[in-house]
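Enquirer: Here is a sequence with its predicted model. Questions after.
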Amino acid sequence: MTTIVSLDLTRWQVPPDSAAQQNTIQALERGDVLLLPHLAFELTPDERRFLSPTWSDARAKNISLEAGVLQGARGEAKDLDALARMIGRFAACAGELVSTLFPRYAPYVKRARTSFRPQPALGRALSWRKDDSRLHIDAFPSRPNHGERILRVFTNVNPTADRVWRVGDEFAPMAQTFLPRLRPQLPGSPALLALLRVTKGVRSEYDHLMLGLHDRAKADGEYQRSCPQQTVRFPPGSTWLCFTDQVMHAAVSGQHMLEQTIHLPVTALYDPESSPLAILQRICGRHLLPAH
Ligand SMILES: [Fe+2]
């Protein structure tokens, strides 16, 4: 079952070569969740007003900042500027944490999106496929990533309420459970989906299997109830990180979270053999990416 490893850091910048670093790298890459219970992202008194769902526009699930552009928020320009500065400050903190704790990942920290979630974790009517209260790995139908890793740093900025997750089985046994139930990709369908712009780029066999694992696990109510799992509470003022393409996770409750996504090539890992790509290729006994 997924393990939670606690680290007693209080600053976003980690001193180099700290004793715990090697163990931390191994834990993250084998699919543990790293919990930093005392690493808080402090809001200024002025920023506390952003802890309200009223800043979300009605359509988007999250407020996001990507390449300096704020999306999914509504309000006056000066307020949105202040909100973007708060989210940008968190992006810088999360980037500093990842670059100093995992120096090999440092070249990749600038590339992806930062999200602020002032909405309650649950409470929206969703299809089962979009229902993140079911255990799942992250895999996105429109964004094939050809094995690229999804590393996420989360922080709970709620002043009083925990953020609560369930975490499930480890990646390899989960994959062994569901791979036999997946259908192969139809020949020609990856090229067609890309041509129709349903996907951004061509869906590889790896992407097809990851989507299949995401969907079959979410759809299987019996598995959701009976698989190895535990509930994890992330208290106010705590930060946690994990590879969400590897860790089976489910939202239980919470509100007001900041999240930084970092995409990493498999070659940036300390141990590329620990990646979902390598694990699936071992189980399937073949390459899952097109040859270049
Ligand atoms: Fe997820």
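Expert: Great, that's in hand.
Enquirer: Could you list the low-pLDDT ranges of the stretch 101-250 of the chain?
Expert: 123-125 (pLDDT under 70).
Enquirer: Would you map the helices across it?
Expert: Applying DSSP state H, counting those that start in this stretch to the stretch 101-250 of the chain gives helices spanning 171-178, 189-195, 205-219, 221-226.
Enquirer: okay, the ones you listed, which one's buried deepest?
Expert: Most buried of those by mean neighbour count (mean count of other Cβ atoms under 10 Å) is helix 205-219; its value is a mean of 21. Where you see a C-beta, it was placed from the backbone N, CA and C, and this is true even at glycine.
Enquirer: name the helices or strands packed onto that helix?
Expert: On a contact count with 3 or more Cβ pairs under 8 Å, 6 or more residues apart in numbering; DSSP states H and E, helix 205-219 meets helix 171-178, helix 221-226, helix 276-284.
Enquirer: Could you pull out the buried residues of the last one?
Expert: I take that to be helix 276-284. For helix 276-284, a neighbour-count test (16 or more other Cβ atoms under 10 Å) marks 276-281 as buried.
Enquirer: Nearest to Ala121 among those residues?
Expert: Pro276 (24.6 Å; Cβ to Cβ).
Enquirer: Show the model's pLDDT score for that closest one.
Expert: Model confidence at Pro276, given as pLDDT, is 98.
Enquirer: Just give me how far stretch 177-190 sits from the chain centre.
Expert: 24 Å (Cα atoms, centre = their mean, to the nearest Å).
Enquirer: Tell me the span between the first and last residue of that stretch.
Expert: Terminal residues of stretch 177-190 are spaced 25 Å apart (Cα to Cα, to the nearest Å).
Enquirer: Show me what counts as buried in it.
Expert: Applying 16+ other Cβ under 10 Å to stretch 177-190 flags 177-178, 185, 190 as buried.
Enquirer: out of the helices of the stretch 101-250 of the chain, which comes closest to Val266?
Expert: The nearest among these, by Cβ to Cβ, is helix 205-219 at 10.2 Å.
Enquirer: pull the CA atoms of that closest one into CSV?
Expert: Extracted in CSV, the C-alpha atoms of helix 205-219 (Å, rounded to 0.1, in the frame of the first residue of the first chain):
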residue,chain,number,x,y,z
GLU,A,205,0.2,2.7,-26.3
TYR,A,206,1.6,3.9,-22.9
ASP,A,207,-1.1,6.7,-22.8
HIS,A,208,-3.8,4.3,-23.9
LEU,A,209,-2.9,1.9,-21.0
MET,A,210,-2.6,4.7,-18.4
LEU,A,211,-6.1,6.0,-19.4
GLY,A,212,-7.4,2.5,-19.3
LEU,A,213,-6.0,2.0,-15.7
HIS,A,214,-7.5,5.3,-14.7
ASP,A,215,-10.9,4.4,-16.1
ARG,A,216,-11.1,0.8,-15.0
ALA,A,217,-10.1,1.5,-11.5
LYS,A,218,-12.6,4.4,-11.1
ALA,A,219,-15.4,2.3,-12.7
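Enquirer: Give me the residues contacting it.
Expert: For helix 205-219, the surrounding residues in contact (Cβ atoms under 8 Å, 6 or more residues apart in numbering) are 128-129, 131, 134-139, 141, 144-147, 174-175, 178-179, 181-185, 190, 203, 223-224, 245, 248, 276-277, 280, 284, 288-289.
Enquirer: quick one on the thing from earlier: could the helices of the stretch 101-250 of the chain go into TSV alongside distance to Glu96?
Expert: Rendered in TSV, the data for these read as follows (distance: least, Cβ to Cβ, whole Å):
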stretch	distance to Glu96
helix 171-178	28
helix 189-195	36
helix 205-219	29
helix 221-226	36
